[in-house]
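Participant: Take this sequence and fold it.
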Amino acid sequence: MILSVEGLHKTYGKDKVLKGISFHINEPKIVALVGPNGAGKSTLLNILTNLQQADQGDVSILNKDNKNPEIFKEISFMQDNSVLYDYLTGYDHLQFIGDMQGIESKKLMLTAKRVGMDAYLKKKVGKYSLGMKQHLLLTMALVNDPKLLILDEPLNGLDPTSAIRVRDLLLEEHKKGTCILLSSHNLAEIDRLTPHILFIKSGVLIEENIAAYEKIFYHVLVDDQERAAAILKDNQVHVSYKNGKFIFSSEDCSLQTFILMMGEHCIGTLDVEKKVYGSEDRYQMIYMENGPEL
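Facilitator: So this is what the prediction gives:
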């Protein structure tokens with residue numbers, strides 16, 4: 001088990017930030033944590049990495065309690081750039097990590113080159129752009145070759161070229177066997193990185209590890225809606241009904257099965273509309289009142 005989260009609760013005063021969050025990652029994969037500001041994403045990541053304490057619940061990482069100092073040799077956490085010091089150089093930050101974890105200077109420089117930061121390490125961080133700060137943070141997170149890499153908004157502030165570079169680096173890390181948990185608002189990039197998404201809303205996990213992109217829904221019109229509804233109910237097919245059409249996902253029932261089921265009872269299929277939804281559409285369905293209609 002790479003990561004096990006059981007029943008996490010966290011309250012600040014009267015504000016319940018996390019309300020019983022539970023999920024598990026059993027094998028190396030890229031998992032995205034998605035939700036609006038204030039949903040509890042950063043609090044959750046801070047608790048996983050023992051920077052904050054939960055009021056209730058348990059976290060284990062690589063089959064060890066997350067308070068066990070041994071795990072920090074095998075995980076990394078990329079926080080936001082508030083942890084950087086403007087008066088220090090990029091190399092000063094890397095050297096600090098290297099000294100803490102016993103990593104040689106050669107390895108620090110190789111990692112910086114891989115991320116594309118080697119030419120900027122002598123510069124003070126106060127002179128860095130937002131994108132350069134993100135690259136430095138990622139370099140710091142990768143120098144120990146972590147088995148679990150946790151990233152808080154790694155794509156924040158990146159131009160398209162930099163975003164592509166970071167995405168490719170993360171995919172490369174995953175191919176090496178690294179498990180990656182990241183929070184992000186960049187839904188298009190998430191779709192390119194992973195189908196595994198945790199949607200969190202007001203401190204509650206709404207969906208776990210849903211293949212949110214390329215989710216297919218069929219909108220079907222038949223000539224006898226009342227009898228069709230009874231047949232679908234008898235066959236325990238989950239459908240919704242809107243604007244005179246039955247709506248169902250390809251996961252609940254294939255279109256071929258639906259048509260054959262209707263044909264067996266002499267019910268004609270008059271019209272079929274296929275719609276494909278991505279993670280942005282799913283986000284709108286979960287969080288926004290006027291999201292796309294199913």
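
Participant: is it true that Ala39 touches Gly203?
Facilitator: Yes. The criterion here is CB atoms under 8 Å, and Ala39 meets it with Gly203 at 7.1 Å. For every residue, glycine as well, the C-beta is placed using N, CA and C.

Participant: Least confident secondary structure element in the protein?
Facilitator: Sorting the helices and strands of the chain by mean pLDDT, DSSP states H and E puts strand 204-211 at the bottom, at a mean of 68.

Participant: what packs against the helix or strand following that strand?
Facilitator: Beyond strand 204-211 in the direction of the C-terminus, DSSP states H and E gives the next helix or strand as strand 215-222. Identification of packing neighbours for strand 215-222 by 3 or more CB pairs under 8 Å, 6 or more residues apart in numbering; DSSP states H and E yields strand 245-249, helix 255-263, strand 269-277.

Participant: tell me which residues in strand 215-222 are buried?
Facilitator: Applying a neighbour-count criterion of 16 or more other CB atoms under 10 Å, one finds 215, 217-222 buried in strand 215-222.

Participant: In space, not sequence, find me the middle residue of the protein.
Facilitator: Compute the mean C-alpha point of the chain, and by CA atoms, centre = their mean the closest residue is Ala32, 0.7 Å away.

Participant: confidence score at it?
Facilitator: Ala32 carries a pLDDT value of 95.

Participant: In a strand, it, correct?
Facilitator: Yes. Under DSSP: H, G, I helix; E, B strand; the rest coil, Ala32 sits within a strand.

Participant: mind checking which helix or strand Val59 is in?
Facilitator: Using DSSP H and E, the element containing Val59 is strand 56-61.

Participant: cool, Met109 as well?
Facilitator: Applying DSSP H and E as the criterion places Met109 in helix 105-115.

Participant: what's downstream of that helix, the next helix or strand?
Facilitator: Downstream of helix 105-115, the next assigned helix or strand under DSSP H and E is helix 130-142.

Participant: Quick check: buried residues in that following helix?
Facilitator: In helix 130-142, counting by 16+ other CB under 10 Å, buried: 131-142.

Participant: buried residues in the longest helix belonging to the chain?
Facilitator: Counting by DSSP state H, the longest helix found in the chain is helix 160-175. Using 16+ other CB under 10 Å as the test for burial, helix 160-175 gives 162-163, 165-167, 169-170, 173-174.

Participant: ok, these vs Asn235, which is closest?
Facilitator: Closest approach to Asn235 among these (CB to CB): His174, at 39.7 Å.

Participant: The closest one and His265, how far apart?
Facilitator: In this view, His174 and His265 are 48 Å apart by CB to CB, to the nearest Å.

Participant: swap in Val83?
Facilitator: Counting by CB to CB - Val83 and His265 are separated by 64 Å.

Participant: Over to Gln101?
Facilitator: Separation of Gln101 from His265 (CB to CB): 67 Å.

Participant: Dihedrals phi and psi, the most far-flung residue of the chain relative to its centre?
Facilitator: Going by CA atoms, centre = their mean, the residue of the chain most distant from its centre is Cys266, 45.3 Å out. Dihedral angles of Cys266 (phi, psi; degrees, to the nearest 10) stand at phi 60, psi 40.

Participant: buried ones in stretch 115-132?
Facilitator: 115-118, 120-121, 125, 128, 131-132.
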